[in-house]
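>>> coords please:
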Amino acid sequence: MNNLKQITKEYLNYCQYQKCLDSKTLKAYRIDLAQFISKVELTNLEEITVPVMECYIQHLHETFQPRTAKRKIASLKALFHFLEYKDMITMNPFSKIYTKFREPIILPKTIPLYTVEQFLNAIYSAHTSATTSYQKKTTLRDIALAELLFATGMRISELCDLPFEHVNLQDGTIRIYGKGSKERCLQIGNPAVLHALRNYADEFHTNCTNRHFFLNANGTPVSDQAVRRMIQKYCDQASISLHITPHMFRHTFATSLLEADVDIRYIQEMLGHSSINVTQIYTHVATAKQCDILRTKHPRNGFAVGSEG
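Numbering: from 1, shown residues only. Sure thing, here's the model as predicted:
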């Protein structure tokens, strides 16, 4: 079997049913591989030579941002590694191609803490001023969503997929299955956050059988787009001009802990990073902590020079 489309379909089935990749990863693979087949305009596997692959990689670098190009190349490398493993090709073109390249460091965008406070106050105010049962119910959910995002640094996908049985409202622990099906347990350390989650659960889950923790008023699971719209709504109400995304709460969570001298290995575990190298990006963001260190610890502060003497 040398038909490229058929081989790709078989590979995606392998990824889904044997490697058990999540739906978002499968969707990315499907898009990346379809783009490749469409661009090279070849149908047979034997036609995918090193020059063809090099030309396509150049196209990716010219068309996409470095991180996106890197991901699309990784999708192709995974496909050809599969073909090599299955003895469907005699030579992997990637064995002859140098694909490593320097990716520019893009610092995570964080939210100023006073803006987080302003944002949370807007949701609590909306709940206090709600005049209908529907408004009271949805604002109660919005409070729980926003509080949990900031309290745990969860990914938006983890938040929306969070099962009800993984939330222990007695001892305040939350069990999360993150990227690569890695499990981690997070503790809710703030009484106000735990109180918000309990109030929400009492309202939404008393007579509900849905396995998802976060639900819409009609009982269906909350989507990531719904969370994004919710954030924008309260930003508008609070006159917050900064464009805030769900992931920025995660960045702010990590940076705040780092600036409070929390060991980076603990932050790595709480974020669910497989490598501490990923977590170390936040060391570039903690500028307030840098300023404090240099103001109080730098040896120049003890010099008596010129008029200072």
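>>> CA atoms only for stretch 61-70, dumped as PDB, please.
Coordinates of each C-alpha in stretch 61-70 appear next as PDB, following Å, rounded to 0.1, in the frame of the first residue of the first chain:
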ATOM      1  CA  HIS A  61       9.500  28.300   7.600                       C
ATOM      2  CA  GLU A  62       8.400  30.900   5.100                       C
ATOM      3  CA  THR A  63       4.700  30.600   5.800                       C
ATOM      4  CA  PHE A  64       4.300  30.100   9.600                       C
ATOM      5  CA  GLN A  65       5.700  31.300  12.900                       C
ATOM      6  CA  PRO A  66       8.600  29.300  14.200                       C
ATOM      7  CA  ARG A  67       6.600  27.400  16.800                       C
ATOM      8  CA  THR A  68       3.900  26.500  14.300                       C
ATOM      9  CA  ALA A  69       6.500  25.300  11.700                       C
ATOM     10  CA  LYS A  70       8.200  23.300  14.400                       C
END
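>>> wait, what's in contact with the most centrally placed residue in the chain?
Nearest residue to the geometric centre of the chain (Cα atoms, centre = their mean): R155, 4.4 Å. Contact analysis of R155 by Cβ atoms under 8 Å, 6 or more residues apart in numbering lists G178, K179, H247, R250, G272. All C-beta atoms are positioned from the backbone trio N, CA, C, and that covers glycine.
>>> I'd guessed the fourth one sits against E158; true?
Pointing back at R250 there. No - applying Cβ atoms under 8 Å as the test, R250 and E158 come out as separate, 9.7 Å apart.
>>> nearest to P51, of the contacts of R155?
P51 has its nearest neighbour among the contacts of R155 in K179, at 34.7 Å by Cβ to Cβ.
>>> so what pLDDT did the closest one get?
Looking at K179, its pLDDT reads 74.
>>> what of the one 4 residues further on?
The confidence metric pLDDT takes the value 85 at E183.
>>> what's the answer for R155, then?
R155 is assigned 93 on the pLDDT scale.
>>> now the strands for the chain?
167-168, 173-177, 183-187 (DSSP state E).
>>> show me the domain layout of this protein.
What automatic domain parsing lists as the domains of the chain is 4-96, 113-292.
>>> G302: which of these is closest?
Closest to G302 of the domains of the chain is domain 113-292 (Cβ to Cβ; 16.7 Å).
>>> how far is that closest one from where the chain is centred?
12 Å (Cα atoms, centre = their mean, to the nearest Å).
>>> which residues does P108 contact?
M248, H251, A254, T255, I281, Y282, V285.
>>> thinking again about what came up before, if you rank the contacts of R155 by neighbours, which is first?
Counting neighbours by other Cβ atoms under 10 Å, the top entry in the contacts of R155 is R250, with 22 neighbours.
>>> nearest residue to that residue other than its sequence neighbours?
Spatial nearest neighbour of R250, chain neighbours left out: G153 (4.5 Å); criterion: Cβ to Cβ, 6 or more residues apart in numbering.
>>> tell me the buried residues in stretch 21-30?
Using 16 or more other Cβ atoms under 10 Å as the burial criterion, the residues of stretch 21-30 that qualify are L21, Y29.
>>> ok, back up a step: now for the contacts of P108: which two are most distant?
Checking the contacts of P108 with Cβ to Cβ, the most distant pair is M248 and I281, at 13.9 Å.
>>> those two: which is more packed in?
A direct count of neighbours by other Cβ under 10 Å for M248 and I281 places M248 higher, at 20 against 16.
>>> and the helices in this structure, which stretches?
Here the chain has its helices, by DSSP state H, at 4-17, 23-40, 50-63, 66-85, 113-128, 133-152, 156-161, 191-204, 224-237, 246-259, 264-271, 276-279, 287-297.
>>> go ahead and confirm I267 touches S256.
No - with contacts counted by Cβ under 8 Å, I267 stays clear of S256, the gap being 9.9 Å.
>>> any idea how many residues pack against L258?
19.
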